[in-house]
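Student: okay, sequence plus prediction incoming.
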Amino acid sequence: MAKAIWNGAVIAESPVHEVVEGNVYFPPEALNQEFVRASETYTVCGWKGTASYYDIVVNGEVNRDACWYYSTTKDAAKNIEGYVAFWRGVEVTA
């Protein structure tokens, strides 16, 4: 079971996940929407595509742009299309 935790809250949890470049990607339905809000940040990866970000909000504390996803990927990354990954202090176990 893969799990992402920040500030004591489980942000995502799933037995299904993908690992790409050392990052654990969770399927979108594993994301606990209660703790995320859309960010206006976007970045571009040459082989995956354009990433969109979420802020994580737990108990009034905000971890800006702490998770990202590719809503539409390039062909080489289709296995993570729509999946969510974490960084910036989010503890991820798989």
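Tutor: Noted; the coordinates are in hand.
Student: now for G89, how many residues are close by?
Tutor: Here the neighbour count serves as a burial measure; for G89 (other Cβ atoms under 10 Å) it reads 10. Glycine gets a C-beta too; all of them are placed from N, C-alpha and C.
Student: what residues are up against it?
Tutor: W6, N63, A66 (Cβ atoms under 8 Å, 6 or more residues apart in numbering).
Student: next one: stretch 4-13 to chain centre, how far?
Tutor: Once both centres are worked out by Cα atoms, centre = their mean, to the nearest Å, stretch 4-13 turns out to sit 11 Å from its chain's centre.
Student: so for that stretch, what gets flagged as buried?
Tutor: Going by neighbour count (16 or more other Cβ atoms under 10 Å), the buried part of stretch 4-13 is A4, I5, W6, N7, I11, A12, E13.
Student: with just CA atoms, put it into CSV.
Tutor: Taking Å, rounded to 0.1, in the frame of the first residue of the first chain, the C-alpha atoms of stretch 4-13 are listed here in CSV:
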residue,chain,number,x,y,z
ALA,A,4,1.5,10.1,1.2
ILE,A,5,1.3,11.9,4.5
TRP,A,6,1.8,15.5,5.4
ASN,A,7,1.3,17.3,8.7
GLY,A,8,-0.3,14.1,10.1
ALA,A,9,-2.9,13.7,7.4
VAL,A,10,-3.1,11.0,4.7
ILE,A,11,-3.2,12.9,1.5
ALA,A,12,-3.2,9.8,-0.8
GLU,A,13,-3.3,6.1,-0.3
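Student: many thanks, we can stop here.
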